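Asks: sequence plus predicted model, see below.
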Amino acid sequence: MPLLTLSHVYKAFGDPADPLHALQDISFQVRRGEFVCVVGPSGSGKSTLLRLIAGLLQPTSGVIALDGEPITRPNPRIGIVFQNSNLMPWRTVLDNVALPLELRGVARSRRREIAREYIALVALDGFEEHYPHQLSGGMQQRAAIARTLAQNPELLLLDEPFGALDALTREYLNQELLRIWRLKEMTVIMVTHAINEAVWLSDRTLTLSQRPGVLKADIPITLPRPRTEALLTDPDYLALVRTVRSHIDRPVIHKSTL
Amino acid sequence: MRLARAALGAASAALFLFLWDALVRWQDYPTFILPSPADVAERFLVTLADGSLWRHASITLTEISGGLLLGVIVATLLGYLLAKSPLLDQLVSPYIVALQSFPVVALAPLLVIWIHNALFRTIIIAALVLFFPVLVTTIVGLRSVEPELAAVMRSLQATRWQTFIKLEVPFALPVFLGTLKIGATLAVIGAVIGEFVGSDRGLGFLINLAQGMLDTPLLFVALFTLVFIALGLYGLVSLLEYRLLAWKRAE
């Protein structure tokens, strides 16, 4: 049985008489251990999709199920990393990473011990006692990932986690992400607007159309692992990037948004 | 650095006293118009020695602390409810704004008729003076809680109480402490108003008494004591701020 099943998920916002259709008829499945990327232009409802899976939002109709159980609220087995690191500015890195354990009532010394492990996993050791504003953007995002990992989720949701970072930091963090994914044997769903990033990372890439978000394609990424930098010039890789690109709408730019 | 600042403070105080003394000598004011610093210091030592200053000051301090405690507790509780419930906000807010546009000084004589216990009445007046600013900043502080941080708490299945203690309180704390500084000085004003309209004890009463007797040095003693109380409270909140918001100073 697949870990995650979405069937005919529809999500609308605002006035029911004149709703904004964010997502329409989304159906797909994710197997345990898969790395799935979702690509689409802005306004395709990518973030909404992740928040629905995280249980932070409820679908207007349709069902999202984890191991056959419908998700109706945030679930400890599902962890989400947001676009902005969303660290608590008054907490040190250590206390931020320990937060999920603190909320579960894990004793202070034990949760600090666990938090230290995850901080080391994202290579932030030495910065335990720093406050978020003392870290670079990339380090903040790594701390946010460590916090979500401390929750020990089976399904990790990533909402453009490195979107605000420069290209080099981003490449490095993507490699780190794959390392952690292999190590923790998690299932990952990552939302991004970077096609090459999606192809380089994932086992499957889903594409969404612009509003309303409709699933356009489900493309298996049949590239060997481990993925390396050498892959970036590989003809198979480039062909897959082209395929994914062909399934993405040209963004419609409205004059009013310019 | 700290030593230099203390020295600067002492120098400024000395200069103030010198100018004050020079003015009295130059214009040759009678004591009941403007007493010299020496006159005031002498009166201070006398009232300190016979215990009357402490007796009045302790009453006023009780009223200030009582008013501060009562006003802050009621304002933050109500502020929390109003920030969380738009319905309650719509129902109650007009009355609160109306109350605020009521000058408390004008309300004080009414409270003399309603409340006979002078200490309790003054506490109420002090609480009323600081109530509105504390209420408003509590609401603003709680409403400004980052929705994304709230989403983090929800995704981690935090309970209502955990979200309050671990997100809303620390988030609203800087604004709240800033208001507490204003509230502390407002409580001093409120206590004096309360004593003016009807009390036979306290520093406000002492000011009234000294004025009636044209004992201007005594009036100055009472005034300076009030200033020191206000400064002390302000300093106390600043210290609290320094301790609680240590994370902001981390470089």
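Replies: Cool, got the structure.

Asks: could you look up the SS state of A:Pro153?
Replies: Following DSSP: H, G, I helix; E, B strand; the rest coil, we place A:Pro153 in the coil state.

Asks: gap between it and A:Val188?
Replies: Per Cβ to Cβ, to the nearest Å, A:Pro153 is found 10 Å from A:Val188. Any C-beta I mention is one placed from the backbone N, CA and C, and that applies to glycine too.

Asks: show me the contacts for the residue nearest in space to the middle of chain B.
Replies: Using Cα atoms, centre = their mean, the residue of chain B that lies closest to the mean C-alpha position is B:Ala184, 2.2 Å off. By Cβ atoms under 8 Å, 6 or more residues apart in numbering or on different chains, the contact set of B:Ala184 is B:Ile64, B:Leu68, B:Ala230, B:Leu233, B:Tyr234, B:Leu236, B:Val237.

Asks: which residues of chain B score low on pLDDT?
Replies: By pLDDT under 70, the low-scoring segments of chain B are B:251.

Asks: which bits of it sit near chain A?
Replies: Within reach of chain A by Cβ under 8 Å from any Cβ of the partner chain, chain B has these residues: B:146, B:148-149, B:151-158, B:162, B:166-167, B:170, B:173, B:245, B:247, B:250-251.

Asks: for the contacts of B:Ala184, which one is nearest A:Thr222?
Replies: Ranked by distance to A:Thr222 (Cβ to Cβ), those are led by B:Val237 at 64.7 Å.

Asks: and A:Gln29, backbone torsions?
Replies: The phi and psi values for A:Gln29, taken as degrees, to the nearest 10, are phi -130, psi 150.

Asks: next: A:Asp25.
Replies: Main-chain torsions, A:Asp25, degrees, to the nearest 10: phi 50, psi 50.

Asks: then the one 3 residues further on?
Replies: With angles defined as degrees, to the nearest 10, A:Phe28 shows backbone torsions of phi -160, psi 170.

Asks: what count of nearby residues applies to it?
Replies: The number of residues packed near A:Phe28 is 17, by other Cβ atoms under 10 Å in any protein chain shown.

Asks: what are the buried residues along stretch B:146-157?
Replies: B:Leu149, B:Ala150, B:Ala151, B:Val152, B:Met153, B:Arg154, B:Ser155, B:Leu156, B:Gln157 (16 or more other Cβ atoms under 10 Å in any protein chain shown).

Asks: name the SS class of the last one, please.
Replies: This points to B:Gln157. B:Gln157 - assigned by three-state DSSP - is coil.

Asks: I figured it hits A:Leu103, correct?
Replies: Yes. B:Gln157 is within contact range of A:Leu103, at 7.0 Å (criterion: Cβ atoms under 8 Å).

Asks: so which residue of chain B lies furthest out from the middle?
Replies: Within chain B, the residue lying farthest from the chain centre (Cα atoms, centre = their mean) is B:Ser155, at 40.6 Å.

Asks: list the contacts of it.
Replies: With Cβ under 8 Å, 6+ apart, B:Ser155 has these contacts: A:Ala54, A:Gly55, A:Leu56, A:Pro74, A:Gly79, A:Ile80.

Asks: select from those residues the one having the most neighbours.
Replies: A:Ile80 (28 neighbours).

Asks: state the phi and psi torsions of that residue.
Replies: Dihedral angles (degrees, to the nearest 10) for A:Ile80: phi -130, psi 140.

Asks: tell me the bridge partners for it.
Replies: For A:Ile80, the beta-bridge partners under DSSP bridges are A:Leu157.

Asks: correct me, but it touches A:Leu157?
Replies: Yes. Counting by Cβ under 8 Å, A:Ile80 touches A:Leu157, with 4.3 Å between them.

Asks: what's the overlap in contacts for the two?
Replies: Common neighbours of A:Ile80 and A:Leu157, counting by Cβ under 8 Å, 6+ apart, are A:Leu50, A:Ala54.

Asks: list the contacts of the residue in the stretch 101-250 of chain A positioned nearest to chain B.
Replies: Residue of the stretch 101-250 of chain A nearest chain B, by Cβ to the nearest Cβ: A:Tyr131 (4.8 Å). Contacts for A:Tyr131 (Cβ under 8 Å, 6+ apart) come out as A:Pro89, A:Trp90, A:Arg91, A:Thr92, A:Val93, B:Trp247, B:Ala250.

Asks: again, only this time at 6 Å
Replies: Listed by Cβ atoms under 6 Å, 6 or more residues apart in numbering or on different chains, the contact set of A:Tyr131 reads A:Thr92, B:Trp247, B:Ala250.
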